[in-house]
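> Please find the sequence and the predicted model below.
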Amino acid sequence: MGKHFEYTHTVGFEETNIVGNVYYVNYLRWQGRCREMFLKERAPEVLADLQDDLKLFTLKVDCEFFAEITAFDELSIRMRLVDLAQTQLEFSFDYVRVNQDGTETLVARGRQRVACMRGPNTRTVPARVPDALVAALEPYTA
C-alpha cells in the first residue's frame, strides 16, 4: 500500500462513553483533524485559499470498526488519497492502535469524500481541486 500521511492521537476520557469505549463520532472527528493537519503541514497554500473563497464540503463519511479502543490508547490515523476527480477527492483512513510493545493493531477503517466549491456562501459552485492540493497529495496515493 502507498505512503500515508499520519496524525497521532492519544485517546482521552472525554472521548469515551459510560462503559469506557470510544464513542463512534470521535472516529469521524479524527478524520477531519487528520485532514486539517495534512493541510497545515503539507499544503499551507490551500489554507490561504480557504480564507478566500475555496470551500471543502464533506459529502460522505464512513467507518468500519474491528476492535475497541479506550482512554489512553495511542492511535495513528493514516490517511491516503483513494480517488481524485476534477472537483472531488476521496480519502481512506486506517486507525491503528500502537501497542506498548511496539506492535500495531488495525482497529478501524474509514473513508471520506470531499467536494471543492468556490463562491460566496449563498452561491457556491463546483470548482477544480486546487493544483497545490493535488501536488501535496501525490505521494499519498493509495
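The structure has been received and is ready for your questions.
> buried set for the lowest-mean-pLDDT helix or strand in the chain?
Taking mean pLDDT, DSSP states H and E as the measure, the chain has helix 44-51 as its least confident helix or strand, at a mean of 94. Buried residues in helix 44-51, counted by 16 or more other Cβ atoms under 10 Å: Val46, Asp49. Bear in mind the C-beta positions are built from the backbone N, C-alpha and C, glycine included.
> Determine the set of other helices and strands touching that helix.
Judged by 3 or more Cβ pairs under 8 Å, 6 or more residues apart in numbering; DSSP states H and E, the packing partners of helix 44-51 are helix 25-42, helix 131-137.
> can you give me how far it is from the chain middle?
Remark: helix 44-51 is offset 17 Å from the chain centroid, using Cα atoms, centre = their mean, to the nearest Å.
> how many degrees apart are the longest strand along the chain and helix 44-51 in direction?
Across the chain, the strand with the greatest residue count (assigned by DSSP state E) is strand 104-118. Inter-element angle recorded for strand 104-118 and helix 44-51: 50 degrees (by axes from the mean of the first three to the mean of the last three Cα atoms, to 10 degrees).
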